[in-house]
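# just the structure for this:
(one chain, ligands or ions: 1)
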Amino acid sequence: MTRPSERPETLYEAVGGSDVLRRLSNTFYEAVLADPLLAPVFAGFTPTHIEHVAVWLAEIFGGPVRFTAELGGHQALLRAHLGLSITEEQRLRWMELMTAAVEKELPDDELLRRRVMEYFDWGTKIAREVSADPAGTDLGDPGPTPRWGWNGLR
Ligand code: HEM
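Residues are numbered from 1 along each chain as shown. Predicted coordinates for the structure are as follows:
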């Protein structure tokens, strides 16, 4: 399947670019920090987190490759989750809060929202898997930052 007609080539363009991803990240973490199940996981939260997640999402969705160029790339992203021992209950709450943030901040395009949520489902499963290993675990070379498009993982 190719890109659906009358839509931009990348999900990055379709969501409306970096400003929209920053708003998405901001809305999401406001909810996370107010959530009794997730707030303790994010005890070490700093405001830069919001920007870093927006930069990661921009790259994943086919926008600027700044996370790789400036923030340590795929390996740094995985390493950030080591030792967190994320439970399935926490992962599902994360998804629930992200669904609400997507509904608030992203364009009203059902296919776009579905593709974005499919990425989050995939990504949170990996985050959970990695989080079972202790901090400092050598992850080897995870390869380049993945890309997620209209057909899922590219
Ligand atoms: C697709 C899913 C996910 C993405 C894209 C993502 C993205 C990120 C990024 C970019 C960072 C680094 C932030 C920075 O440099 O400040 C990070 C750190 C972190 N993530 Fe995630 N994450 C995901 C899933 C999860 C889940 C499911 C949880 C827990 C329920 C989680 C908990 C954390 C925590 C606690 C940190 C901070 C670790 C530290 O203290 O440095 N993440 N995440």
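
# Asp121: neighbour count?
By the criterion of other Cβ atoms under 10 Å, Asp121 has 12 neighbours. For every residue, glycine as well, the C-beta is placed using N, CA and C.

# surely it touches Trp94?
No: the pair Asp121 / Trp94 is not scored as a contact, 10.2 Å apart, by Cβ atoms under 8 Å.

# please report how far whatever residue of the chain ends up closest to the ligand lies from Ile50.
When scored by Cβ to the nearest ligand atom, the chain has Gly123 as its residue closest to the ligand, at 2.4 Å. Distance from Gly123 to Ile50, counting by Cβ to Cβ, to the nearest Å: 17 Å.

# where in the protein is pLDDT low?
Applying pLDDT under 70 to the chain flags residues 1-2.

# and the longest helix belonging to it, what's buried?
Longest helix in the chain, counting residues (DSSP state H): helix 110-131. When burial is assessed from 16 or more other Cβ atoms under 10 Å, helix 110-131 yields the following buried residues: 112-113, 115-117, 119-120, 123-124, 127-128, 130-131.

# over to stretch 66-80?
Using 16+ other Cβ under 10 Å as the burial criterion, the residues of stretch 66-80 that qualify are 67-68, 71, 73-74, 77-80.

# now, these that are in helices?
Residues of the buried residues of stretch 66-80 located in helices (DSSP H): 67-68, 73-74, 77-79.

# residues contacting Ala85?
Actually, residue 85 is Ser rather than Ala. Going by Cβ atoms under 8 Å, 6 or more residues apart in numbering, Ser85 touches 131-132.

# sorry, that was for Leu112
By Cβ under 8 Å, 6+ apart, the contact set of Leu112 is 7, 11, 14-15, 106.

# repeat that for Arg128.
86-88, 91.

# again with Leu106
Leu106 touches 15-16, 20, 24, 112-113, 116, counting by Cβ under 8 Å, 6+ apart.

# can I get these in CSV with distance to Ala100?
Shown next, in CSV, are those (distance: Cβ to Cβ, whole Å):
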residue, distance to Ala100
Val15, 16
Gly16, 18
Val20, 16
Leu24, 11
Leu112, 16
Arg113, 12
Val116, 13
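
# can you narrow those down to the ones near the ligand?
Among these, no residue lies close to the ligand (Cβ under 6 Å from any ligand atom).

# closest one of these to Phe61?
Phe61 lies nearest to Val15 out of these, by Cβ to Cβ, at 6.8 Å.
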